[in-house]
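S.K.: structure of the sequence below:
(chains A and B)
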Amino acid sequence: MAHIVTPLDRPSTYKDSRSNIERSHQAEMLSKSCTLYIGNLSFYTTEEQIYELFSKCANPEDGGGLKRIIMGLDRNQKTPCGFCFVEFYTHAEALACMRYISGTKLDERIIRCDLDLGYQEGRQFGRGKSGGQVRDEHRTDYDAGRGGWGAQVAREAVYRDAETGPGAVATGGEGWKQQPTDTPQSLKRKREYEDEEDGEGEGPRANPKFRADREDDE
Amino acid sequence: MSYRGGRGRHGGGRDRGYYDGDAGAGGNRGPYRREQYNPETPEQTIRKEIYAFGNVTEKGADSFDFAPTRIPPFAKRLVSRRATSTETNVKDAIADAVRVGAVEQPYKIAAYAALLALMVHPDRVETETLGEADENTESNLSSGSSGIMDDVVKGFQSSLDGLRWREIRLTIHLFAHLTRSGTISGNSLLQLLQTFIAVLDEFGVSHHRGLQAALCAGEGVLIAGEALSAQSPEAVKAILSSMEMFAVAYSATKAVVVPFVQQYGTDDQNDERSYEFLNALIAALKSLISTSFADAELPFPLPYAVISLKDVDVEAQFSLPTLIVPPEVIEVEGVDEGSSEESRAPIGAAREFPDVYLRLFDDEVTPSPSGLTGYLLRAMVSDTINIFEVNRREAARILTELPRWCKKGVLKLKNSEGVAEGDWQLEPLLVETILSHCFTMPRPEQMPLYYHSLLTELCKLAPQTAGPAVGKSIRKLYSLLGDGLLPEVSRRFAEWFSVHMSNFNFGWVWKEWVSDISLPPAHPKRKFMRRAIELEVRLAYFDRIVQALPPPIREPEAGIVPEEAATAQFEFGNSENEHHQASNTIAKLMQGNPEQRIPRSTPQEVIDEVNRIREQLAQGEYTQEMADQTARAITFQTLLNVGSRSFSHLLNAIERYLPLLRNLAGPNGAKQQLLDETQKFWRQDEQRILIVFDKLMQYQILDPVDIINWCCASDSTVDSKMNGHSERSTRWFSTFRWEALRSAIDKANGRVTVAKKRAAALRKEDDEARAKVASAGDDYAMADNPDAFEAPTPVVDSPALANALKALATLTKEQKSSLTAALTGFCRILVYSPDGLSWEERDQWDEDGWGSWETWGWFRHFCTFYCSYLRSYANTLEAVVFNALTVPTGAYYADTPVVVKKIWSVSLGRDEVA
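M.R.: Below is the predicted model of the structure:
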């Protein structure tokens, strides 16, 4: 039912500028993506506030749920810098957020959601010179919710232990075990990018190939 | 104002593709293609023009008035185009686009009907009105007209084949208008409607199918009744009586989905605070039939009547062909065709209850749904809401433009002097419809958040008019609390309230409700205030919300707001605590020290430390059991504390120490303790408890059934004055317990859903692989050895499929035990319902009165919400749970077993259990 209007859950012009993946492949990945980039957050917005709003689009009855939230951090200060990634277990949940949450308020700011290719190590940190987001370095307005003119005001150092490198960010868990007898090792971080769509249920699953390719791209 | 769907907003060719299932085909339909030249095909251009027909964007258009004089020239142009076009698909697209335009924009159906009427019979108006004539006009018009209705019927057939009920029903609206305009013969429409009525008599027809078919037939009569009556008044009456019989058969079911529950009283079937959709249609039809459609004036302008078309000879009228309503396909693919209960359990939930909607305004403000105007306006609003679910902004815009598509004077509009004229206000009608759909029991048609954000958009578009309507609705809903409004409706109300306030600066006039702080704490109004504030705080900050509250509500003594913002309650964090040191050691192991480059310890290292602590405790004055429990409490709470800073910290802590958690959860009773410790640790913060539970289930430290059992047990040892809603000192169910229970049941059901899909996909793969082998084998066999056919290889599932089926069997068992635990839990609580309560004396009720009332409400919701799952295990559940259901000594309400079984059997549509 979408002959008359453009659905709100289409991918927009947002993209990961450092991604080397071919555009046509990116489009295909987005059409399955379970991850959202969330922008225009207040620097003070907590993960719990994000969880509260986005879990309203979770659909555990369909095997979905809110898998994880990755706060965007200032590279130097390790404090939130106004964006995050929200990952669900299903694509449909991500689309629901695009339709019902993007453009509404959280913490009294109008936030925007975009389908994302999927979180990769290091993307939790701002890429601006100052350590924050690039787009904030171009801003000329005063914005109290974001610490004003890009200034770093004292904020609770919730993320002072934020790390770089593998294993810094939780994977959000797997689907449940295929067999009740699975060994604990199968839940190791190595399988972090296993995807329900790609897994095909081949017993204990190896890293999907395309994931390895993508790492080579980095 | 525009519909924005029109030209040029997005790179042309993608408009259709995305939802037609060919997105990404060939890899050239991506989001980053904007810069590429992607011209529209002629077919797309003509379709868009037809869809945009009548839009406000047209030059010189009055935003509240649509001029029917624009129809004839457009009709002529389309017909000539149809006759002369040589471009691909354009000829076939034109009539189809008119049909699509109508079913996707139900407010324009009458206008599209007029367009079609003229396209089919261009000679029904004087040639001049069609615009300039030229030599070829005459012949073009006749060749362009032929086959138009066949094209429309073709589209209708495809909706039928897919059983897309809304499309079917709205195409019938189009047919009904075309019958009124004389294009379609009344007799053939009558036959079509009778086809739908025949569905009601099918053996074992599902409620959903029957209801949709009844609405199709009934709404067809509502629009074209006069023309149909002229054919055969008896046939029209027969349609009505079939509908009535169908409605009566389901009237008992209505009792479990009305938004009110009056335990300890007699439920009022004729409660005017809500209405059932099919019954409203029947009532509207009845009054029309009783006056032989004398007052059958539709609330919409009928352009085909306005432009006074010439009559069509009966022989020249189009006769709708005889069609059939295809049967529903029941999908059981991928699952063993065994007849065990498990294999028949459904995927997902079905809509199988009558649609009962709340009324929030009086008949003077919004038209009664059981009248022609009220019914059709509501149907149009609700169809529009559902169709435009993909774009709430457009939905809101279109809804505010509805007066354009209604007859003058139906909806209030400001005249030139700024005075509103008309019978009804638009915004209350919209807000009432949106909210009543959001609060439909047991499940709303769309995700509740859609309704929330649609209302937000509406208020942004029309703050002056929609704002007050929302305010009045909140007051009305609040006034229904304590007056029987179902706990689930109250829960959804609080959820919407908090989201709405979050979008509008938390600006509610709390002053109005100050006097209600004197009500007993268990009163639904008090509970609502507490919960609404708690949800607001979750979306914002404690100080932000609490400071905006008027003093009497803000005072901790009022019992509405906690004294302080929720924080973790870490009992071992206090240096006075005797186990502080032990906890500290574990915390250090778990955290490491980045500055001193001390890495985090491995799970095994922590396990070793926990063992050491346990032994140490056991050597002291602790029994082995106490030592075990204390060590578990210290370790688990320390882990929660390490993860207390944020959701991600928790997730990281859980993931790093999964082996430790498995170790802690292993022994008997340990899982219940982990749940208790979570509740103790986060007793001020219900959201955090639910997150911990969810993730512990996700990582299979806990099973859904553990959480269900925990929810159904009360814990009188917990001291709770103002510890959020997570308190369990009372045995009665609360919103918090429902949410915890629901997340556990959903998890169990979701796992089965995923496992079924996986098995189905693998089975398909298997079958395909086998077919490939078989066909490859054929050639050889034919060539070399004809005897090969006699020894077919036995069918063996691939290891992956065998595994998947095994997993499915395990998960299905878990699902069954989860549902059993929940039903058992409810029964165990409900047998303690106090005796001698009376609904009429509810202002005297105390905690037990309201608590048990609420539990009954949640139980009813449980039975209806999960009915499709429960039904698959009904025989077992009845045998296991109900046979053991006796009223223990100390329980008062001796009727409990009878009432429980009644709610159960009505919800599941089963014969009463003895």
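S.K.: for the helix or strand hosting residue B:903, packing partners?
M.R.: In this assignment (DSSP states H and E), residue B:903 forms part of helix B:896-908. Applying 3 or more CB pairs under 8 Å, 6 or more residues apart in numbering or on different chains; DSSP states H and E, one finds that helix B:896-908 makes contact with helix B:251-254, helix B:799-830, helix B:847-865, helix B:867-872. In this view, the C-beta of every residue, glycine as well, is placed from N, C-alpha and C.
S.K.: which stretch among the ones you listed comes nearest chain A?
M.R.: Among the helices and strands packed on helix B:896-908, helix B:799-830 comes nearest to chain A, with 5.3 Å by CB to the nearest CB.
S.K.: so is the closest one next to chain A?
M.R.: Yes. For helix B:799-830, a contact with chain A is found by CB under 8 Å from any CB of the partner chain, at B:799, B:800, B:803, B:804, B:806, B:807, B:810, B:811.
S.K.: all helices for chain A, in order.
M.R.: A:23-30, A:47-54, A:91-100, A:134-137, A:196-199, A:209-217 (DSSP state H).
S.K.: mean pLDDT for these: which is lowest?
M.R.: Mean pLDDT values for these show the minimum at helix A:196-199, a mean of 29.
S.K.: if we can go back for a sec, hmm, who's touching the helix holding residue B:903?
M.R.: Applying CB atoms under 8 Å, 6 or more residues apart in numbering or on different chains, the contact partners of helix B:896-908 are B:252-253, B:255-256, B:826-827, B:830-831, B:833, B:856, B:859-860, B:863-864, B:867, B:870-871, B:874, B:878, B:882, B:885-887, B:910-913.
S.K.: by neighbour count, which of the residues of helix B:799-830 next to chain A wins?
M.R.: Across the residues of helix B:799-830 next to chain A, neighbour numbers were computed from other CB atoms under 10 Å in any protein chain shown; residue B:804 holds the maximum, 26 neighbours.
S.K.: quick check: closest non-adjacent residue to that one.
M.R.: residue B:759 (4.5 Å; CB to CB, 6 or more residues apart in numbering or on different chains).
S.K.: how near is that neighbour to residue A:63?
M.R.: Residue B:759 sits 13 Å away from residue A:63, going by CB to CB, to the nearest Å.
S.K.: cool, residue B:704 as well?
M.R.: 13 Å.
S.K.: pLDDT weak spots in chain A?
M.R.: Counting by pLDDT under 70, the low-confidence segments of chain A come to A:1-2, A:139-142, A:144, A:147-156, A:174-218.
S.K.: next up, the contacts around the residue nearest the centre of it.
M.R.: Chain A has residue A:85 as the residue nearest its centroid, 2.2 Å off, counting by CA atoms, centre = their mean. Residues near residue A:85 by CB under 8 Å, 6+ apart: A:35, A:36, A:37, A:38, A:69, A:70, A:72, A:116, A:119, A:123, A:124.
S.K.: among those residues, which are within reach of chain B?
M.R.: Within these, those near chain B by CB under 8 Å from any CB are A:69, A:70.
S.K.: list just the nearest of the contacts of residue A:85 to chain B.
M.R.: Using CB to the nearest CB, the contacts of residue A:85 come closest to chain B at residue A:69, 5.7 Å.
S.K.: once you drop chain neighbours, what's closest to that closest one?
M.R.: Closest to residue A:69 by CB to CB, 6+ apart is residue A:47, at 5.0 Å.
S.K.: wait, residue B:491 touches residue B:735, no?
M.R.: Yes. Counting by CB atoms under 8 Å, residue B:735 is a contact partner of residue B:491 at 5.2 Å.
S.K.: need the residues touching each of these two.
M.R.: Joint contacts of residue B:491 and residue B:735 (CB under 8 Å, 6+ apart) are residue B:531.
S.K.: so what's residue B:586 closest to, chain neighbours aside?
M.R.: residue B:638 (4.7 Å).
S.K.: hmm, who's touching the helix or strand hosting that neighbour?
M.R.: Assigned by DSSP H and E, residue B:638 belongs to helix B:624-642. With contacts defined as CB under 8 Å, 6+ apart, helix B:624-642 is touched by B:568, B:570-573, B:579, B:582-583, B:586-587, B:590-591, B:606, B:610, B:613-615, B:617-618, B:622, B:649-650, B:653-654, B:657, B:660-661, B:664, B:667, B:670, B:673-674, B:677-678, B:680-682, B:692.
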